[in-house]
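Undergrad: Predicted model follows, preceded by the sequence.
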Protein chains: 4
Amino acid sequence: MVRVGILGAAGYTGGELIRLLLNHPEVEIVFANSESNAGNKVYDVHEGLLGETELEFTSEMPFDKVDVVFFCFGHGKSEAFLKEHSIPANVKIIDLAQDFRIKGDHDYVYGLPETHRKEIAKCQHLANPGCFATCIQLGLLPLAQAGLLTKDISVNAITGSTGAGQKPGATTHFSWRNNNFSVYKLFTHQHLHEICQTLNELKPEGAPHVVDTLDEGYEAEGITVDFIPYRGDFARGIFCTEVVTLETSPAASDIVALYKNFYEQAAFTHYSDKALDLKQVVNTNKALVHVAVFGKKVVITSVIDNLLKGAVGQAVQNMNIMFGLDERAGLNLKASAF
Amino acid sequence: MVRVGILGAAGYTGGELIRLLLNHPEVEIVFANSESNAGNKVYDVHEGLLGETELEFTSEMPFDKVDVVFFCFGHGKSEAFLKEHSIPANVKIIDLAQDFRIKGDHDYVYGLPETHRKEIAKCQHLANPGCFATCIQLGLLPLAQAGLLTKDISVNAITGSTGAGQKPGATTHFSWRNNNFSVYKLFTHQHLHEICQTLNELKPEGAPHVVDTLDEGYEAEGITVDFIPYRGDFARGIFCTEVVTLETSPAASDIVALYKNFYEQAAFTHYSDKALDLKQVVNTNKALVHVAVFGKKVVITSVIDNLLKGAVGQAVQNMNIMFGLDERAGLNLKASAF
Amino acid sequence: MVRVGILGAAGYTGGELIRLLLNHPEVEIVFANSESNAGNKVYDVHEGLLGETELEFTSEMPFDKVDVVFFCFGHGKSEAFLKEHSIPANVKIIDLAQDFRIKGDHDYVYGLPETHRKEIAKCQHLANPGCFATCIQLGLLPLAQAGLLTKDISVNAITGSTGAGQKPGATTHFSWRNNNFSVYKLFTHQHLHEICQTLNELKPEGAPHVVDTLDEGYEAEGITVDFIPYRGDFARGIFCTEVVTLETSPAASDIVALYKNFYEQAAFTHYSDKALDLKQVVNTNKALVHVAVFGKKVVITSVIDNLLKGAVGQAVQNMNIMFGLDERAGLNLKASAF
Amino acid sequence: MVRVGILGAAGYTGGELIRLLLNHPEVEIVFANSESNAGNKVYDVHEGLLGETELEFTSEMPFDKVDVVFFCFGHGKSEAFLKEHSIPANVKIIDLAQDFRIKGDHDYVYGLPETHRKEIAKCQHLANPGCFATCIQLGLLPLAQAGLLTKDISVNAITGSTGAGQKPGATTHFSWRNNNFSVYKLFTHQHLHEICQTLNELKPEGAPHVVDTLDEGYEAEGITVDFIPYRGDFARGIFCTEVVTLETSPAASDIVALYKNFYEQAAFTHYSDKALDLKQVVNTNKALVHVAVFGKKVVITSVIDNLLKGAVGQAVQNMNIMFGLDERAGLNLKASAF
């Protein structure tokens, strides 16, 4: 049994992680840390856990009793936490925040199993990808690897409200968001960093540099990912389309084959022959990808559940890989479907 | 032209009032007060006003330049405001809060036109009814007046999220409320006060006392209004059912006739021969009422838009009556329908 | 392994059943029958199954190869089907329709584990309860058994759209139903039959007869279940309140204890100390029940997922009992929560 | 008073037209034709009209008694109708279908007031623009006129369910659409015809041809409008983003000035300095437009209510222009806002 500790257990990702791990056959939750909720039952905070567990939040962090710790903090807090606390070297860390996703002076592996499976299997510290980043990358990876990304890429992605976290605010107020639709962080979403990093890692030599416009600006040499994020009026899921312009018009069947091959071994990412809708993946750890071709333009659709494949589900998938478990353990989830 | 001042103009009811009054043929908005938004355009805060008006919020309150002031404060603040400010005697006040709905040491008239039309026409100060209270009373008034309320009354009413106001919180968080349903203030909703007050005023001599259980408790002599309020996952509207048990089984046609007669002269309350759905009244000032009879039981359905007939629309209707205008002026609203 | 056949596999309950059984550790799906979809992949029809299974619909019904058949037909079709087809005596039948819920000239056991667990364990043929009926009964059973149902019972229950099935129509049109609320089958819902049957079975001698008003009319001797069903604007779930008037004012703690004791052994029905919201149970097989007391009035809230505890989940729970499996096998579902 | 006849009065656009015209100060509805509903009250079909009118559907079409006829048929039926019926030459026609939007062997003027105001004022027959087409064009017109459309244009637009009309189907089933998101008619939506027609009419000489890819294919010489339509899970509204790549990086202020100037005289289209959300325009005839600039890329957001500015509201606006009325008559609508 993998012994698990959870930090930030009272937030959205903390709750979803508990919901997953309670049914994971190879996991024991040792502690679920939440200073402000210490002593309360987890079902007092997290919907759907009444009758499933008597687990209580704790203010303790007994790192010596666990094999892995999940950081379910808000962004920026993981790094701060590590400066103030010491976690034994033999305890693995899975960080759901963005603090260590970009390579630098640390040993965190970027946890996208579709591209980094081998490093994940060997790593001690893992940076779990962002939700938009996961969905967008899964749409682009096969073309990136094939060196077919040579012109600016148009990305439109719509997220559910759970992406904005637990703290209520103006844009998550039901009266405002219900039946509404809006755009935000136009062309400037922070997930561009990790998307560009992966695309540049994956591209063959000679293929154009993918410009991280947040760092390099819009006038830099290379191609750009022109990403428009939208707020949808649903709670779970990301629906993404990407338009890639090739140098010459491809055969649609070649592009489809490229995608099918790329994802043949993937545990949770599948190619769909038909157009997609979001609820095909809601409440699952799956990603679905579909492509269509118009002249030189390839239009990709990709969908995930932002809390699962876009966050906690992928974190558990990574844990499974890190501990040599069945990659699907604890992740055979019934789609909510409706 | 009626010159209008608005206090609390940046809240939900303030915004809806501005949306109404801008199209009111007999009204000029003199000031829209909001300390915290002073100097901003009203369209910066209120959806749907861009392109309609260049009106700005002001911190001023020039009471000498207006004929009527609307109090769009939160509950409890109207009374507090009047202790600290002096409003000229010739300026009428329409208070949307609950501060003066219950009779007492004040001259506010309860603003339900279906029962208090004459007093409203003559009054200087008006207490606008609560949203649930309006919908529930409109379902019960004909039976109350006829002395047919002799047993406990079962009331179930579902409200939209705008009833909870602008401040975001746990139960108005989209991620929680979307596709959710819940109950609150079970049997203890504060609107029971005004409902019981009206029913007791209207009942013929000899009919049982309607117990205000909040004040008198559940063991008091009389009949009770057993009111279960629910939070629905929509933004606008109240859907209410009421079950009244009569002494003997009535003819359905008699009950229908009672309702049709009672509301024959009402400007906005209509009897429907068919079962109701909420969107028949959303974005209108209408109330619709329907009855069905099963043995001794009369089942009434009533629906309103909580922000309009349940708040601001009724306030404007009352203003029209108070100033001798056409009761429907400014209230010929297109139902949103979808 | 229990070998399963599914009839009516292309409908809502058929799809939900497949989603459940694919992850059931003791089950093998032998056939999923749908004449009109024969040859198609089940994931072509049912959301969320792409990547989970390559199972195809079939027009075959090899009853000799299965241990149990689930009837996922529309109401009335089960009986018709059995007149035209012969199912071997050793094959168990679980019928999700209402055809055999009322006792009569058949051997079907009513499949509410909270009351009929022993008969279910021994039965060959099972009639799975209705969704509203399950939720309403779970709210009333402890009081019924204690002989405390002596006056008319007020029931209000709101259902999600999946309760109306797969065929699109006016009241399931998104443009109409979205943000809408309505009432239907007022006091005349067909589930009253099975509710009254159970309550009369369970009540102690001397307690009043519960009148099936659909059969006996509103003037019959006894107490009535005054049930108002509503259409909510969500897809999954039933939220129910019930008001029961006792002869004398009880201690709230006694009523709570009554409920806790009654459901102590239940695998999926739990008492909640706090007020409920629907999403606590959505996408799970759980029922939650809560009570509050006001004078002589007991107010019960009960919630289920209409497709799971209200239909397919309970059917699988019954299958587990019928085959001596762990009652929770295949039903440890992650709540969707959002 | 303008005397109006309505054909196809029982559909979504027919209903919305009646809701508008009942409050139009210069209009009298002479007949509302619907063969299948003849003799029924319009409020029996159209939400929100109970208490507003006793108007009945009729099977008559007394064209000699009206000044203008609105065709609220489904697409393709207007032309068919005119082959079988004769409408007097002095009766104006406003066709809401797509039958006459493309120039050809007819005298219908394309009814986009922002570009064709003068022709509309003089015309006898008018083809009202499509909903997507209106929203997309309003986002592109200023750039088109300035000759700045020189590269392929990326368009993403999300529509509410009312765009799919009254007939229920799989993709308008509440159980499916609620909390769902999907894509359809990828790069092949029929509104491309009228969009390309307008852009080509408006562009200065020398600017590139806008390829109607539906007719000319993706290999034709010129620039393309790469349009991805989405189905949103709301009932009313279209939210559109468009990315245009210029030859050189512009000053954002120049682009903003271009838009402000272009729409300075428009009665219902306004430039917003802030990012947009859909509910700013829902239940109004307004269009709002916003631009942002990133390097050479101009990102435009435009929003409308698909049933109003995208259909019936614009039709009434056109009627007002055709009859020399105030362009805003009958269209001072209260935004639903929530």
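TA: Good, I have the coordinates. Just so it is clear, the model here is predicted, and its values are computed rather than measured.

Undergrad: Strands along chain A, start to end?
TA: Under the criterion DSSP state E, chain A carries strands at the ranges A:2-7, A:27-33, A:68-71, A:92-95, A:109-110, A:125-127, A:153-159, A:182-183, A:210-211, A:223-231, A:238-245, A:269-271, A:287-294, A:297-304.

Undergrad: Please render these as a markdown table that adds mean neighbour count to the earlier fields.
TA: For glycine as for every other residue, the C-beta is placed from the backbone atoms N, C-alpha and C. A markdown table is the format used below for the strands of chain A (neighbours: other CB atoms under 10 Å in any protein chain shown):
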| stretch | mean neighbour count |
| --- | --- |
| strand A:2-7 | 23 |
| strand A:27-33 | 21 |
| strand A:68-71 | 26 |
| strand A:92-95 | 24 |
| strand A:109-110 | 22 |
| strand A:125-127 | 24 |
| strand A:153-159 | 26 |
| strand A:182-183 | 22 |
| strand A:210-211 | 24 |
| strand A:223-231 | 23 |
| strand A:238-245 | 25 |
| strand A:269-271 | 22 |
| strand A:287-294 | 23 |
| strand A:297-304 | 26 |
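
Undergrad: out of these, nearest to residue B:327?
TA: strand A:182-183 (37.8 Å; CB to CB).

Undergrad: Which strands and helices lie in contact with the closest one?
TA: strand A:223-231, strand D:238-245 (3 or more CB pairs under 8 Å, 6 or more residues apart in numbering or on different chains; DSSP states H and E).

Undergrad: distance between it and the chain's centre?
TA: Taking CA atoms, centre = their mean, to the nearest Å, the mean C-alpha location of strand A:182-183 is offset from the chain mean by 21 Å.

Undergrad: who touches that strand?
TA: Strand A:182-183 is touched from outside by A:171, A:228-231, D:239, D:241, D:275-278, D:301, with contacts defined as CB atoms under 8 Å, 6 or more residues apart in numbering or on different chains.

Undergrad: cool, and stretch A:13-24?
TA: Contacts with stretch A:13-24, where a contact means CB under 8 Å, 6+ apart, come from A:4, A:6, A:8-9, A:27, A:29, A:32, A:34, A:42, A:45-49, A:52-53, A:55, A:70, A:72, A:96, A:307-308, A:311-313, A:315-316, A:329-331, C:332, C:334-335, C:337.

Undergrad: Among these, name the buried ones.
TA: Among those, those buried by neighbour count (16 or more other CB atoms under 10 Å in any protein chain shown) are A:4, A:6, A:8-9, A:27, A:29, A:32, A:34, A:42, A:45-49, A:52-53, A:55, A:70, A:72, A:96, A:307-308, A:311-313, A:315-316, A:329-331, C:334-335, C:337.

Undergrad: From these, pick out the ones that also neighbour chain B.
TA: Filtering the buried ones among the contacts of stretch A:13-24 for proximity to chain B by CB under 8 Å from any CB of the partner chain leaves residue A:47.

Undergrad: if I pick residue A:230, what's in contact with it?
TA: A:156-159, A:181-184, D:158, D:239.

Undergrad: Going along the chain, name the helices of chain A.
TA: Using DSSP state H, the helices assigned to chain A run over residues A:12-21, A:77-84, A:113-122, A:131-145, A:174-177, A:192-202, A:213-216, A:252-262, A:312-322.

Undergrad: sorry, back to before: out of the strands of chain A, the one nearest residue B:105 is which?
TA: If you check each of the strands of chain A against residue B:105 by CB to CB, strand A:182-183 wins as the nearest, at 48.1 Å.

Undergrad: And the average pLDDT for that closest one is what?
TA: Averaged over strand A:182-183, pLDDT sits at 98.

Undergrad: re earlier: go through the contacts of residue A:230 and say which is closest to residue B:137.
TA: Ranked by distance to residue B:137 (CB to CB), those are led by residue A:181 at 36.9 Å.

Undergrad: In this model residue D:240 seems to touch the closest one, though I could be wrong.
TA: No. Assessed by CB atoms under 8 Å, residue A:181 is found out of contact with residue D:240, at 10.1 Å.

Undergrad: Name the residues contacting each of the two.
TA: Shared contacts of residue A:181 and residue D:240 (CB under 8 Å, 6+ apart): residue D:158.

Undergrad: who are the neighbours in contact with residue A:231?
TA: Residue A:231 neighbours (CB under 8 Å, 6+ apart): A:158-159, A:161, A:164, A:171, A:177, A:180-184.

Undergrad: quick revisit: so which of the strands of chain A is nearest residue A:117?
TA: Nearest of the strands of chain A (CB to CB): strand A:109-110, 10.2 Å.

Undergrad: That closest one pairs with which strands, and in what direction?
TA: Strand A:109-110 has its sheet partners listed here by DSSP bridges as strand A:125-127 (parallel).

Undergrad: So which residues make contact with the strand it pairs with?
TA: If you take CB under 8 Å, 6+ apart as the criterion, strand A:125-127 is touched by A:92-95, A:98-101, A:106-111, A:120, A:318, A:322.

Undergrad: try it again with 6 Å
TA: Contact with strand A:125-127 is made by A:93-95, A:100-101, A:107-111, A:318, as judged by CB atoms under 6 Å, 6 or more residues apart in numbering or on different chains.

Undergrad: Likewise for stretch A:218-229?
TA: A:151-157, A:184-186, A:189, A:195, A:208-211, A:213, D:241, D:294-295.

Undergrad: mean confidence for that stretch?
TA: Averaging pLDDT along stretch A:218-229 yields 97.

Undergrad: Get me the contact residues on chain A for chain B.
TA: With the criterion set to CB under 6 Å from any CB of the partner chain, chain A comes near chain B through A:161-162, A:168-169, A:172-175, A:177-178, A:235.

Undergrad: Tell me which two of these sit farthest apart.
TA: Longest distance between any two of these is 17.8 Å, between A:162 and A:175; criterion CB to CB.

Undergrad: How is chain A divided into domains?
TA: Domain assignment for chain A, taken from automatic domain parsing, gives A:2-128+A:311-322, A:131-304.

Undergrad: okay, those in JSON lines with distance to residue C:290 next?
TA: Listed next are the domains of chain A as JSON lines, based on distance: least, CB to CB, whole Å:
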{"stretch": "domain A:2-128+A:311-322", "distance to residue C:290": "10"}
{"stretch": "domain A:131-304", "distance to residue C:290": "23"}
